[in-house]
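Visitor: here are the coordinates; sequence isn't available:
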Ligand code: PEP
Ligand code: MG
């Protein structure tokens, strides 16, 4: 057996025979057009329109986040910059197929140059180009294979149009050789609860028909698995299915200690599903996700409407909204469009908002108005507001003071930078609560860019250095009587969730699809057990041994119980 590494989406595990996605259409030849510019232009127009309508139709059929993605793709097909580029190529006597190919390639290069979230939209653009060229050539667009039995789909990267309509009775798991954790394939896989490993370059060598285990929790694809490995994978899949079917209760430990389980959301549209999966509120609403493609700052009115929709969906419950977190992986040109050599260490998060305080004030105005509006309508929630990337006590004081000017009752900070974890007690002199963002806290503790594949091995929140910082924040929270939530991906790893509670976390927030696993796992540990498992992990020397030590401590605790 061999293990191929990648980025796991969610916690699932599945196994089955590989079926590979058909290869993309080759680039059309650069031969002169025999038809002439006018006729070629009409062909392009027909094809672009037809593809845009087809994508919209698929979106309407799929609904949810998929619909938004597909509608965004339909808009790409009709983007005027693109049609201008096509016209320029047609004017040089190229064929419709070649002109479309070149225009999309240039558009793609522009997106890739921007990088981050927009860079990951490049795959969406490739898919639109393939569909348009296939239409022009009168051939079917390359799509998902249909081997006639359930399979593990292996592809370079999946187009949203394919992911949206995947037949989940047939597709056991997804493996892509490209794409990162924020690619649309990943977002949609997360939403649909599809077992997925993305960005696994080694998967390019997988052959049709060979059996693999896809382990999203471990971010690994195992080839030529042994019988033992297959049995373990089946047992884990069964345990997950049982957790998903278990009754939805509020998050709690075996001894009854409450651990509220909250949802991470980026759009109010995700609220209904989160509620259905038992979210007791929202622990992280990423407001910047609403405005990632905006070139100018959103208006107070635009924001108020979105926030009011969110608050009403969680009436009577806690909703933690994060003010705009711009920078690095989430560029917002209206907050910081300066070129920086190291954007992760640049003018980002609260630093960027402080430099454009009018934008922060407008956002707080919109939040206060949405709060007042929903309360008046009887659908108010318990609104908490926090700032991202706080790295000094002064920033905590600045943000909480300005939030209170707008009547925000509960104002807190995210702990994502080691300096604020180490100064947590002083930060709590100002902040009503802290929420630990383990994604960035890990990135900054281990000095490893969270978007860079070559250092992905360092981005492991199990590292005892990260756990010690979390322990310090937990202790400061207990001493000052302030809540300490966790809202990074770490909270979605069931055993790590137990460790986090043992380190002093008072609530956990995660992608809604992870709630069932975490809920079921917490119910099997008392607070004493969780503290013992956390101690075992803290005493380790690296991430892998911390994970193993926590497993060993939890197995011996389970044996004691029997
Ligand atoms: C984090 O850094 O852990 C976090 C929750 O914020 P984001 O992933 O949006 O940076
Ligand atoms: Mg962060």
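Guide: Received, thanks. Treat the numbers as computed from the prediction; the structure is a model and nothing was measured. Ligands and ions are numbered 1, 2, ... in the order given.

Visitor: Could I get the full set of helices for the stretch 351-500 of the chain?
Guide: 357-376, 393-405, 418-422, 424-427, 438-446, 464-480, 494-502 (DSSP state H, counting those that start in this stretch).

Visitor: relative orientation of the second one and helix 357-376 in degrees?
Guide: Meaning helix 393-405. Orientation of helix 393-405 against helix 357-376 (axes from the mean of the first three to the mean of the last three CA atoms, to 10 degrees) gives an angle of 50 degrees.

Visitor: Outline the domain layout of this structure.
Guide: 2-22+145-244, 37-137, 247-561 (automatic domain parsing).

Visitor: can you list the ones you listed in a markdown table and add mean pLDDT?
Guide: A markdown table is the format used below for the domains of the chain (pLDDT from 0 to 100):
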| stretch | mean pLDDT |
| --- | --- |
| domain 2-22+145-244 | 86 |
| domain 37-137 | 86 |
| domain 247-561 | 94 |
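
Visitor: wait, which of these is closest to ligand 2?
Guide: Of all the domains of the chain, domain 247-561 sits nearest to ligand 2, with 3.7 Å by CB to the ion. Where C-beta positions appear, they are placed from N, C-alpha and C, glycine not excepted.

Visitor: how distant is the closest one from the center of its chain?
Guide: In terms of CA atoms, centre = their mean, to the nearest Å, the centre of domain 247-561 is set 13 Å apart from its chain centre.

Visitor: What about residue 448, how many residues nearby?
Guide: 17 (other CB atoms under 10 Å).

Visitor: Which residues of this structure lie near ligand 2?
Guide: 416, 437, 440 (CB under 5 Å from the ion).

Visitor: hmm, back to that, okay if I get the domains of the chain as a markdown table plus distance to residue 29?
Guide: A markdown table is the format used below for those (distance: least, CB to CB, whole Å):
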| stretch | distance to residue 29 |
| --- | --- |
| domain 2-22+145-244 | 20 |
| domain 37-137 | 7 |
| domain 247-561 | 34 |
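
Visitor: between those, which one is nearest to residue 28?
Guide: Nearest to residue 28 among these is domain 37-137; the distance by CB to CB comes to 3.7 Å.

Visitor: close to ligand 1, is that closest one?
Guide: No - using CB under 6 Å from any ligand atom, domain 37-137 never reaches ligand 1; the gap is at least 10.9 Å.

Visitor: And that domain, how far out from the chain middle?
Guide: Worked out by CA atoms, centre = their mean, domain 37-137 lies 25 Å from the chain centre.

Visitor: Just the endpoints, please. Distance across that domain?
Guide: 17 Å (CA to CA, to the nearest Å).

Visitor: who touches residue 509 in this structure?
Guide: 261-264, 282-284, 320, 435, 485-487, 491 (CB atoms under 8 Å, 6 or more residues apart in numbering).

Visitor: How about residue 81?
Guide: Going by CB under 8 Å, 6+ apart, the list of residues near residue 81 reads residue 107.

Visitor: for the helix or strand containing it, which positions count as buried?
Guide: Element membership for residue 81 (DSSP states H and E) is helix 80-91. Across helix 80-91, burial judged by 16 or more other CB atoms under 10 Å covers 82, 83, 85, 86, 89, 90.

Visitor: Hmm, the third one is touching residue 109, no?
Guide: No - Residue 85 is beyond contact range of residue 109, at 11.4 Å (criterion: CB atoms under 8 Å).

Visitor: who's in contact with stretch 69-79?
Guide: Contacts for stretch 69-79 (CB under 8 Å, 6+ apart): 48-49, 51-53, 55-56, 58-59, 62, 82, 107, 124-125, 127-128, 132, 160-161, 164, 184, 187-188, 293.

Visitor: Now restrict those to buried residues only.
Guide: Using 16+ other CB under 10 Å, the buried members of the contacts of stretch 69-79 are 48, 51-52, 55-56, 58-59, 62, 82, 107, 124-125, 127-128, 132, 160-161, 164, 184, 187-188.

Visitor: What about those residues, which are in helices?
Guide: 48, 51-52, 55-56, 58-59, 62, 82, 107, 124-125, 127-128, 132, 160-161, 164, 184, 187-188 (DSSP state H).

Visitor: Assess the claim that residue 33 and residue 41 are in contact.
Guide: No - applying CB under 8 Å as the test, residue 33 and residue 41 come out as separate, 10.4 Å apart.

Visitor: Overlap of the contact sets of the two?
Guide: Common neighbours of residue 33 and residue 41 (CB under 8 Å, 6+ apart) are 90, 96.

Visitor: neighbours of residue 378, just the number please.
Guide: By other CB under 10 Å, 9 other residues sit near residue 378.

Visitor: Would you mind finding the longest strand in this structure?
Guide: strand 13-20 (DSSP state E).

Visitor: Counting by contacts, list what that one packs against.
Guide: strand 151-155, strand 171-176, strand 211-215, helix 227-245 (3 or more CB pairs under 8 Å, 6 or more residues apart in numbering; DSSP states H and E).

Visitor: can I get the ones you listed in CSV with distance to residue 479 and mean neighbour count?
Guide: As requested, these are exported to CSV (distance: least, CB to CB, whole Å; neighbours: other CB atoms under 10 Å):
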stretch, distance to residue 479, mean neighbour count
strand 151-155, 49, 25
strand 171-176, 45, 26
strand 211-215, 39, 25
helix 227-245, 34, 14
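
Visitor: Turn the ones you listed into TSV, including distance to ligand 1.
Guide: Listed next are the helices and strands packed on strand 13-20 as TSV, based on distance: least, CB to the nearest ligand atom, whole Å:
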stretch	distance to ligand 1
strand 151-155	26
strand 171-176	21
strand 211-215	22
helix 227-245	23
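
Visitor: isn't residue 196 right next to residue 174, touching?
Guide: Yes - applying CB under 8 Å, one finds residue 196 in contact with residue 174, separated by 4.2 Å.

Visitor: what is in contact with those two at once?
Guide: Counting by CB under 8 Å, 6+ apart, the residues touching both residue 196 and residue 174 are 185, 189, 214.

Visitor: closest to residue 299 among those?
Guide: Distance to residue 299 across those (CB to CB) is lowest for residue 185, with 32.3 Å.
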